[in-house]
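> Need coordinates for the below:
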Amino acid sequence: MHKFQAKNRKKLDNEWRRNIMPSKETLEKLGLTQGDVIADIGCGIGYL
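Next up, the predicted model:
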């Protein structure tokens, strides 16, 4: 089983990723409404 190495955390949270995947817009695209329940499986550092 692969385990992500903490020393590579910049791959999960960096300016490039935040530019191509802005959190607000990304979550809006999911079409969630109040009361919805979701699971973020494999969330890494919890960017969203």
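> how about low-confidence regions in this structure?
For the chain, no stretch has pLDDT under 70.
> What ranges does it have for its helices?
15-20, 23-29 (DSSP state H).
> and the last one, which residues are buried?
So that's helix 23-29. By 16 or more other C-beta atoms under 10 Å, helix 23-29 has no buried positions at all. The way it works is simple: take the backbone N, C-alpha and C, and place the C-beta from them, glycine included.
> what's it in contact with?
Y47, L48 (C-beta atoms under 8 Å, 6 or more residues apart in numbering).
> Put the alpha carbons of that helix into PDB.
Extracted C-alpha coordinates of helix 23-29, given in PDB (Å, rounded to 0.1, in the frame of the first residue of the first chain):
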ATOM      1  CA  SER A  23     -11.700  26.000  -3.200                       C
ATOM      2  CA  LYS A  24     -14.800  28.200  -3.300                       C
ATOM      3  CA  GLU A  25     -15.400  27.600  -7.000                       C
ATOM      4  CA  THR A  26     -14.600  23.900  -6.800                       C
ATOM      5  CA  LEU A  27     -17.100  23.400  -3.900                       C
ATOM      6  CA  GLU A  28     -19.800  25.500  -5.800                       C
ATOM      7  CA  LYS A  29     -19.500  23.100  -8.800                       C
END
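> How far away from the center of its chain is that helix?
Helix 23-29 sits 10 Å away from the centroid of its parent chain (C-alpha atoms, centre = their mean, to the nearest Å).
> likewise the shortest one?
Helix 15-20 has its C-alpha centroid displaced from the chain centroid by 11 Å (C-alpha atoms, centre = their mean).
> Let me see the contact set for G44.
F4, L12.
> Renumber starting at 24 from here on
With the count now opening at 24, the last piece we talked about shows up as G67.
> And it, how far from K34?
Distance, G67 to K34, by C-beta to C-beta, to the nearest Å: 9 Å.
> what do you get for L50?
21 Å.
> Ok, G54 next?
In terms of C-beta to C-beta, G54 sits 28 Å off from K34.
> Which of the two has more residues huddled nearby?
K34 (13 against 7; other C-beta atoms under 10 Å).
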